[in-house]
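Engineer: Have a look at this prediction, sequence included:
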Number of protein chains: 4
Amino acid sequence: MGLRYLSAGESHGKALTAIIEGIPSLIKLKAEEIDEELARRQKGYGRGKRMQIEKDRVKIISGVRLGKTIGSPICLMIENKDWDNWQNIMSLVPDAAKMENRMTRPRPGHADLAGLIKYRHDDLRDILERASARETAIRVAVGAVCKALLREFDIRIISHVIQIGDVRAENIPDDPNKIWKNAEKSPLRCSDINSEIKMMAKIDKARQLGDSLGGIFEILAIGVPVGLGSYVSYDRRLDGRLAQSLMSIPAIKGVQIGMGFDSASKYGSQVHDEIFYQEDKGFYRKTNRAGGMEGGVTNGQPICVQAAMKPIPTLYKPLKSVDIVTKKPFDASVERSDICAVPAASVIGESCVAFEIARAFLERYGGDNLEQTKKAWQEDQDYLKAFY
Amino acid sequence: MGLRYLSAGESHGKALTAIIEGIPSLIKLKAEEIDEELARRQKGYGRGKRMQIEKDRVKIISGVRLGKTIGSPICLMIENKDWDNWQNIMSLVPDAAKMENRMTRPRPGHADLAGLIKYRHDDLRDILERASARETAIRVAVGAVCKALLREFDIRIISHVIQIGDVRAENIPDDPNKIWKNAEKSPLRCSDINSEIKMMAKIDKARQLGDSLGGIFEILAIGVPVGLGSYVSYDRRLDGRLAQSLMSIPAIKGVQIGMGFDSASKYGSQVHDEIFYQEDKGFYRKTNRAGGMEGGVTNGQPICVQAAMKPIPTLYKPLKSVDIVTKKPFDASVERSDICAVPAASVIGESCVAFEIARAFLERYGGDNLEQTKKAWQEDQDYLKAFY
Amino acid sequence: MGLRYLSAGESHGKALTAIIEGIPSLIKLKAEEIDEELARRQKGYGRGKRMQIEKDRVKIISGVRLGKTIGSPICLMIENKDWDNWQNIMSLVPDAAKMENRMTRPRPGHADLAGLIKYRHDDLRDILERASARETAIRVAVGAVCKALLREFDIRIISHVIQIGDVRAENIPDDPNKIWKNAEKSPLRCSDINSEIKMMAKIDKARQLGDSLGGIFEILAIGVPVGLGSYVSYDRRLDGRLAQSLMSIPAIKGVQIGMGFDSASKYGSQVHDEIFYQEDKGFYRKTNRAGGMEGGVTNGQPICVQAAMKPIPTLYKPLKSVDIVTKKPFDASVERSDICAVPAASVIGESCVAFEIARAFLERYGGDNLEQTKKAWQEDQDYLKAFY
Amino acid sequence: MGLRYLSAGESHGKALTAIIEGIPSLIKLKAEEIDEELARRQKGYGRGKRMQIEKDRVKIISGVRLGKTIGSPICLMIENKDWDNWQNIMSLVPDAAKMENRMTRPRPGHADLAGLIKYRHDDLRDILERASARETAIRVAVGAVCKALLREFDIRIISHVIQIGDVRAENIPDDPNKIWKNAEKSPLRCSDINSEIKMMAKIDKARQLGDSLGGIFEILAIGVPVGLGSYVSYDRRLDGRLAQSLMSIPAIKGVQIGMGFDSASKYGSQVHDEIFYQEDKGFYRKTNRAGGMEGGVTNGQPICVQAAMKPIPTLYKPLKSVDIVTKKPFDASVERSDICAVPAASVIGESCVAFEIARAFLERYGGDNLEQTKKAWQEDQDYLKAFY
C-alpha cells in the first residue's frame, strides 16, 4: 500500500480532483497553505493571460477535521471558475450540435494524435482536455499535503530555475536558504539576479519571434534522513522513483541526479564523494556529486535532481499539421499564450519530489499517525548520532 | 496486475533468480536465447578479468514447457560458478570466525554506508553483495524473455554507446539496422568505427591513470505501435516508466528522451515534430525530436532514450574513505578491475526498456496467450491503416 | 495498473468522492443510471428514517463527455445534503468549543476503539465518520460505472437476499431473470414472496425487541466469459479477489462461493460439476456447485457468491461500553435506527462483484477503448464456439 | 511497496521457488525451521502415498547470511526429488513424441478446462502442473519466513481442524495453547481426541467408498497488536485481505471471521463484543465474536478465521467428463490418492494468515530492520498500556 494518489479532471471541466491515501493522522493542514502552493505555480515571467485571470483555490472535501488530518483519504478539489463558459462544450450528455463542432486538428508536440488513436476518439478535445498541463495544478495540491508532512521532520523541498533557453544561471549561491529566498522573489525562480535579467530578455525575444522557450530547473531536498529508498529491488530505488515522477510532468524530456550527464564525461576520480570523518561532525563528505543518493538510497546529503523542459509546443509562430478528417495541412492553432513555463514546472517538480520522498519516508518509519512516525524518526536520528 | 517481476540474489551467493509473472502463454522461448543476451552483457572493451572468466548461463526452472511459455510464472536462475570459494563467507549459518572477518570500509559512490545504516548491519558485505552490478545479469535474463514476446510483434530493442568519457560518437548511421549491426560487432557497442578507436584510446589512457570512465548509451525501440502508455495518470506515462527503469540501473545518473536536455536550450519551433500527410504514407513526421512519445504515449515513431552512466567508483587510484569501526581514514579498496562498463550498461538498458514496453503492450492488448494478444494487435494495426 | 479506484469522504462531511481509473473510453454513461443504483441501495424494509430522507445523487465531475467515457479518470461525487447542519462539527479549522465536544464513548462492533488507538485520536468522531457504512454509497456509484462496462458484454450482476435472521428464503426460482424480477420488486430483495413475509415479520419482531438483524445475500454474475482470473498466482485468483471485495463491506463476516461451507460436509462425489458434451450445446455441466469458478478461473457458468452480514451493532437495546476518558461504563448510544440493512448490503455486494469482474475482464481483453475490448471479446467468443 | 512475494513452479517441474521482498533485516532464520513447517504440511491422516515418499526440503538461495536476513529479497527453493522421472514429460524443449502424448481429459473440480481455454493450450498438462496443490508447499515456506518475523513480536499463528466431512469437533479447548498442543499431536490437527476418532472413522469410510472428504479449519492469531489493517479504504481492511488470502488456497470455498455465517441468524444483541473496564486489565471484552477485528482493524483480541475446504476432486469413484479431442465421455482419472487434505490445508492457512499479518504489521511499524521495527512496536505497546 503505502502512500498513493489518483487525480482526475479535464482542463475545462467542472473541477480537478485528487484523492490522497496513506497520509498519517494528526498532521496540521490548512487549505490556505495549499492555496499558497497553487499560487506559486501560477506565477512566472512569460506566462500568458489565462494564468493571470484564474487564481486556483483548493477545497478540502474530506480527510481533514479541526485543523488536522484524520488518517482517512484526503480529497482535494480545484474548481474551474470558468465552468459556465464551458459547460456546453464539456457537457456530460450528447448533443448533435456539439458533436459537429469537434476538433480535428492535432497539435504537434502534444498527445493529440497518439491519444486519439489510443482511445479511438474522433474529437481531439477528448484527448487534449486531460493531456493538459492544467492537470499539474492538482499535483501541486497533492505535493502541498506531502510538504505539510515533511515539514514536521524539517525536510524542505526547494526549486529554482537554472536555465531558460540557452541562458544558464551563473552565480548560484551555495546556501540552499539563499537559493530559496532569491528564487521566491524572482519572477523566473532564478537564484541569480544577473542571469535572471538575461533570461527575461531571452523570453522577450522569443515573444517577439512568436516562439516559445524551455529550460532546466533544479529541485533540492534538504534534511532528508539517511536510508530512504533501497538498492534491494529496482522499484524501491529512490533515484528511479524520482526520475519517473519528474519525467511524468508534461514537457519534461530529461532528468538527472547530482552531476548527471556531466559525470559521463569525467574520470571516476572526479565524480565520487569521498568519505571523511571528524569527531565533531562524524562521517561527512566535502562534495555532493551523487546528488544525495548512492545505490538508490539517500545518504544524508541534500537530494539534488534536475529536469529539462522542452519549449511549449503551442506557438504564435505555428507548427505544421494535418486535419484528421480532411487530411489537409493547416497551421497548428494557438490555444494559449504562454511563452515559457519553466518556473511553474519547477514548482510542480517540488510537488513530485515531495510526494516521492514522503512515500519513501513512510515506508521506512511507518505511517499511521504523526506521533508514531515522529518517534520512529527520532529513534533513527539518535541511532545515527551514535553511529556517526 | 499486469507484467511484473521480482529478483533476488547476492553477488557471491549461490545464484541470482527472478520470477516473471504475467507473460502470455504460447511464446517460443529457449534458454539459449537468454544465454546469448547474458553473453552480450559480459562483453565490452574495458572490462576486468572476472567478466572474462565466468560465462553466465541461465536455467529456466519453471514456466516453460516443450519450447513455449505456458502462462505460469517463469523462474530464471543464474548460478554462481564460483560458489565453492564463497560458501564460507556467504554461509547461511552464523560462525564466529566469519563474523570477525567483517568488512568495515565503505566505498564512496556505492550504497555501502547508507545501506549499512538503513539495515543496521555491522558488516558492509551484507550491503555490497546485493547492491552490486551483478544483479543486472538477472535483469538481462528477464529482458530476454520480454524480447521474445516483443519479437512476435516485430518490435526490436537496439542499443549503442554514444559517448565514453568525453569522446562522443560522431557518424552515427541513420538506419537503426546499421546501428545495430555496427554495435554488435564493436567491442564498445559504438556504431561508428572511428569514434570507437578514440574511445578505446580513452579507455587505455584511463587504465594507465588507474582511473575509470562512464559514458552515454542510447536505446532505440523500433516497431512499437501507437498508443502505449497514457497521459491520463502520471504513473501510466511511458516516458516516466522508462525513466524509472533506466535510472534504476546502478551508476545511471541521467535519462533523457528524444532531444532531452538539448531541447531546453532551443526555441519551440526547433523541438517539435510537425505532422505531414501523404496518401501512400498516411500521417507522418520528418523528425523524431520527441523520441517516439508525445504526452507519455507512443506515437509510432522509434522510441529513443539515452542514459548517462557515471564512471565505476572502484578505481586503482583509490578514493578516500573512513573505517566505520576505527574511524581511521583509508584508501578505498579495489574489488574488481573494470575500467568502463558502458557497453554492458547499454545491454542492461535494452532489458529495462524491453520490460517496460512489454508491460505497456500487454496493458493495451491483453495478455493471457499469444494468440489473443496477436489478434488484438493485428486488429489495431488494421485500424491504424484505415485511419492513416 | 489495470482498473483501480480510491474513495474518500466522511459520513457527515461535505461529500463522498471516488476516482476510478482504467475504464476504457467510449462507454455510454449517464448520471441517471448511477443514481438508480444509489436509489436501490437506499431501499429496504427495516431501514431507519435517515435513509428515507436523503436521496443520494451523483455528480460526474470528470471523465465523461457527450454521453461517453473518454478514457480519463472518472471522478464521482455524492454531496451531503445535510452539510449545513454539520459544518461546525466537521469544520476544517480547529475550534476550542468543538474540541471540547468530543465523543469519548466507543461503540462495540464498530472500529471506534481500535481505530482511535491506531490513529491516536482523542475524539471518536475522527474514526466513526469514515468507518461508516455511508462510505458504501460511493462504492455503489463505482459499481454502477463497472456495470455500464459489463452491460456492453451482456454480463449482468444480480443480487438477492436469501436469509434474514434465522429465516431462510425457501422457493428460490432457478431462473436468474426471475430472481432478479422478484428481488427488484421486493422490499427485502427476496425472490420468494412467502419467505419475504416471514422475514418482514422477523424484522418487526426485532424492532419490538429493540434489536437488529443480519442475514445472507447472494450475488450472481451471468454471462461472464470463461477464463477470467487465474490459478497461476494467488493474487490473480478471482475467487480470492471476490472474497476480499465482499469481506471488505462493513459488517460482512463470511463469504462463500458455490456450495461454500456446505461442501465441507459432503463427499467428493457430491460437490463437483461433472463435464458433459452434446453436439448442439458443446461442453456443459448439469450442476454449478463450484459457483462458476474452478481453480480461481471462471468456467463459463454463473458466478455465485454469498456473503453473511452480522446484525447492525447500533441497537435501541443498548450494548455495554466504557467511556475512554472517565473509564465509566455506559450504554452505547443509538446513532441511527436501521434494524436490518441486508437488502442494501446486497446492492453494495453487486458493486463489489461488478468491480472485480470488470477488472479481471479488462486484464484478459485489454482496456483502452470499448471498440478494441469488444473485438477481443468477440474473437474469444468465436474461439470458444469453435472449441466447444 | 510493503511485503510481497511471487512464486513459481510446476508440480512435476524442477523446483518450486518463491522470492519474498520486504522482509526487514536482522531476523534470525534457518532452513531447518522452514523445513519443519514443510513437514507439518505433509502430515495428516487421509493423505495418499506420494506425500509419504517425498519429504520437502527448502534451499535458501539468497537473502540470508550468517543466520540472519539481510534485507535483500529472500529466494526459497523446494526441489522436486522425482525430477529425473519427469524431465522428459516436462522438458523445456519441444519433442514430437511428447507432444503426441498430451493429456486431453479435463477433470471436474479443477482448473483444467477453464485454464485450457484461457491459455489456449491443447495439452491439459500445461494447466494442471501449475493449478496444483503442490504450489502450496512454497506458500508454506513463505509463511515460515513470516512466522520468523512475527515470533520476534510474540505473535503466534495456530491452526486446527474443526470439521471433517459432517463430523464436527466438539470439545475444543478454550486455551489456544491447549488447542495448539493437541492439534500438533493429532494426525488430523483436531484439538479434541474424541472427535478425532470419529473423523478418522469417517475418512476410513470415505476410503472404502472410493470417495473424498473436505472440512473446516480454524486459524487463530494470538498476540496481534491493536491497529493492524484499516477501515479507511476497502483494500486496507485486514478482514478482506485475510479472506482473499485464504480463499486463494486451492479447494477453499468459504471463509468466515469470528461468528461468521452464524452471526447472520442471530440478533444484534447476541453478536457484538461489549466493552468493559477494570483497573488492572484496562479495556477488555468478555467475548470475541468479532474474531479479533472490528471495522477491518485488529482490536487486540485473537484473530479467528475459518475456512471451508471442499473434498478433493480426484476420486477413486470417478467423476464423468469428456475428452476435449474425441468429445467422448470418460471417467476422470485418479492422479493421486489423497482422501482428505484438510489438515494440510490448515497449515497452508497458517502461512496465508502469517503473510497477511506480517504485511499489515510492517505497514504499521515500518520495515527496514528488526531493531527499528521492534522499537516502534515497543513504543506502541507502551502507548497502549498508558491508554488502557
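Structural biologist: Everything's here; your move. In this text the structure is predicted, and so the values were computed from the model without any measurement. Numbering: from 1, shown residues only, chains lettered A, B, ... in the order given.
Engineer: can you count the residues close to the closest residue to chain B within the stretch 101-250 of chain A?
Structural biologist: At 2.5 Å from chain B, A:A111 is the closest residue in the stretch 101-250 of chain A, using Cβ to the nearest Cβ. Glycine gets a C-beta too; all of them are placed from N, C-alpha and C. A:A111 has 28 neighbours, counted by other Cβ atoms under 10 Å in any protein chain shown.
Engineer: ditto for the one 3 residues further on
Structural biologist: By the measure other Cβ under 10 Å, the count of residues near A:A114 is 29.
Engineer: What's opposite the closest residue to A:P73 other than its chain neighbours in the beta bridge?
Structural biologist: With sequence-adjacent residues excluded and distances taken as Cβ to Cβ, 6 or more residues apart in numbering or on different chains, A:P73 is closest to C:A8, at 3.8 Å. C:A8 has these beta-bridge partners by DSSP bridges: C:T17.
Engineer: coming back round to it: and the residue of the stretch 101-250 of chain A closest to chain B, what is it in contact with?
Structural biologist: A:A111 is in contact with A:127-128, A:131, B:231, B:294-297, counting by Cβ atoms under 8 Å, 6 or more residues apart in numbering or on different chains.
Engineer: measure the residue lying closest to A:K281 once chain neighbours are set aside to B:K328 for me?
Structural biologist: Leaving out its chain neighbours, the residue that sits closest to A:K281 by Cβ to Cβ, 6+ apart is A:Y388, at 7.9 Å. From A:Y388 over to B:K328 the distance is 15 Å, taken as Cβ to Cβ, to the nearest Å.
Engineer: More neighbours: which of the two?
Structural biologist: A:Y388 (16 against 9).
Engineer: So A:I78 lies in a strand, does it not?
Structural biologist: Yes - according to DSSP: H, G, I helix; E, B strand; the rest coil, A:I78 belongs to a strand.
Engineer: right, is the biggest helix by length in chain A up against chain D?
Structural biologist: Counting by DSSP state H, the longest helix found in chain A is helix A:342-365. Yes - applying Cβ under 8 Å from any Cβ of the partner chain, one finds helix A:342-365 in contact with chain D at A:363-365.
Engineer: tilt between that helix and helix D:342-365?
Structural biologist: Interaxial angle, helix A:342-365 versus helix D:342-365 (axes from the mean of the first three to the mean of the last three Cα atoms, to 10 degrees): 130 degrees.
Engineer: Helices of the stretch 151-300 of chain A, residue ranges please.
Structural biologist: A:176-185, A:193-209, A:238-247 (DSSP state H, counting those that start in this stretch).
Engineer: Of those, which stretch is the most buried?
Structural biologist: helix A:238-247 (a mean of 29; mean count of other Cβ atoms under 10 Å in any protein chain shown).
Engineer: So it, near chain B or not?
Structural biologist: Yes - Helix A:238-247 is in contact with chain B by Cβ under 8 Å from any Cβ, via A:239-247.
Engineer: before we move on, what about stretch A:285-298?
Structural biologist: Yes - Stretch A:285-298 is in contact with chain B by Cβ under 8 Å from any Cβ, via A:285, A:290-291, A:293-298.
Engineer: who in the stretch 201-350 of chain A is up against chain D?
Structural biologist: A:227, A:230, A:232-233, A:235-236.
Engineer: restrict those residues to contacts with chain C.
Structural biologist: Within these, nothing lies near chain C by Cβ under 8 Å from any Cβ.
Engineer: Taking those residues together, which two end up most distant?
Structural biologist: A:G227 and A:D235 (17.1 Å; Cβ to Cβ).
Engineer: Show me which of the two is the more surrounded one.
Structural biologist: The neighbour count for A:G227 versus A:D235, taken as other Cβ under 10 Å, is higher for A:G227 (27 against 18).
Engineer: quick one: the more buried one from A:F387, how far?
Structural biologist: For A:G227, the distance to A:F387 - Cβ to Cβ - is 11 Å.
Engineer: And A:V342, by the same measure?
Structural biologist: Distance from A:V342 to A:F387, by Cβ to Cβ: 40 Å.
Engineer: mind listing the strands for the stretch 1-150 of chain A?
Structural biologist: Counting by DSSP state E, counting those that start in this stretch, the stretch 1-150 of chain A has strands at residues A:4-8, A:15-21, A:58-62, A:64-65, A:68-69, A:74-79.
Engineer: Next secondary structure element downstream of the longest helix of chain A?
Structural biologist: helix A:370-387 (DSSP states H and E).
Engineer: Show me the contact partners of that next one.
Structural biologist: Residues outside helix A:370-387 that contact it (Cβ under 8 Å, 6+ apart) are A:24-27, A:149, A:152-153, A:225-227, A:282, A:300, A:362, A:364-367, B:117, B:120, B:324, C:120, D:364-366, D:372, D:375-376, D:379-380.
Engineer: let's see it at 7 Å
Structural biologist: Residues outside helix A:370-387 that contact it (Cβ atoms under 7 Å, 6 or more residues apart in numbering or on different chains) are A:24-27, A:152-153, A:225-226, A:362, A:365-367, B:117, C:120, D:366, D:372, D:375-376, D:379-380.
Engineer: And for stretch A:159-177?
Structural biologist: Defining contact as Cβ under 7 Å, 6+ apart, one finds that stretch A:159-177 is touched by A:158, A:179, A:182-183, A:188-192, A:194-195, A:198-199, A:202-203, A:206, A:213, A:215-220, A:222, A:302, A:340, A:342-343, A:346-347, A:349-350, B:264-265.
Engineer: Stretch A:229-239 too?
Structural biologist: Residues outside stretch A:229-239 that contact it (Cβ under 7 Å, 6+ apart) are A:228, A:240, A:257, A:293, A:295-298, A:356, A:360, B:6, B:111, B:115, B:118, B:130-131, B:247-248, D:1, D:21, D:71-73.
Engineer: if you set the cut-off to 6 Å instead, what comes out?
Structural biologist: A:228, A:257, A:293, A:295-297, A:360, B:111, B:130-131, B:247-248, D:21, D:72 (Cβ atoms under 6 Å, 6 or more residues apart in numbering or on different chains).
Engineer: Drop anything exposed from those residues.
Structural biologist: A:228, A:257, A:293, A:295-297, A:360, B:111, B:130-131, B:247-248, D:21, D:72 (16 or more other Cβ atoms under 10 Å in any protein chain shown).
Engineer: Could you report the pLDDT at A:I89?
Structural biologist: Note on A:I89: pLDDT of 93.
Engineer: Run a quick neighbour tally on the nearest residue to it once chain neighbours are set aside.
Structural biologist: Closest residue in space to A:I89, ignoring its immediate chain neighbours: A:K98 at 6.5 Å, by Cβ to Cβ, 6+ apart. Neighbour count of A:K98, defined by other Cβ under 10 Å: 17.
Engineer: which residues touch A:D123?
Structural biologist: The contact partners of A:D123, by Cβ under 6 Å, 6+ apart, come to A:102-103.
Engineer: so how far is chain D from it?
Structural biologist: Per Cβ to the nearest Cβ, to the nearest Å, A:D123 is found 35 Å from chain D.
Engineer: Over to A:K55?
Structural biologist: Taken as Cβ to the nearest Cβ, the span from A:K55 to chain D is 32 Å.
Engineer: pLDDT at that residue, what is it?
Structural biologist: 90.
Engineer: What of A:Y388?
Structural biologist: Here the pLDDT value assigned to A:Y388 is 85.
Engineer: The residue nearest to A:G240 when sequence neighbours are not counted and chain C, how far apart?
Structural biologist: Spatial nearest neighbour of A:G240, chain neighbours left out: B:S248 (3.5 Å); criterion: Cβ to Cβ, 6+ apart. Separation of B:S248 from chain C (Cβ to the nearest Cβ): 18 Å.
Engineer: give me every residue that touches A:V347.
Structural biologist: With Cβ under 6 Å, 6+ apart, A:V347 has these contacts: A:40-41.
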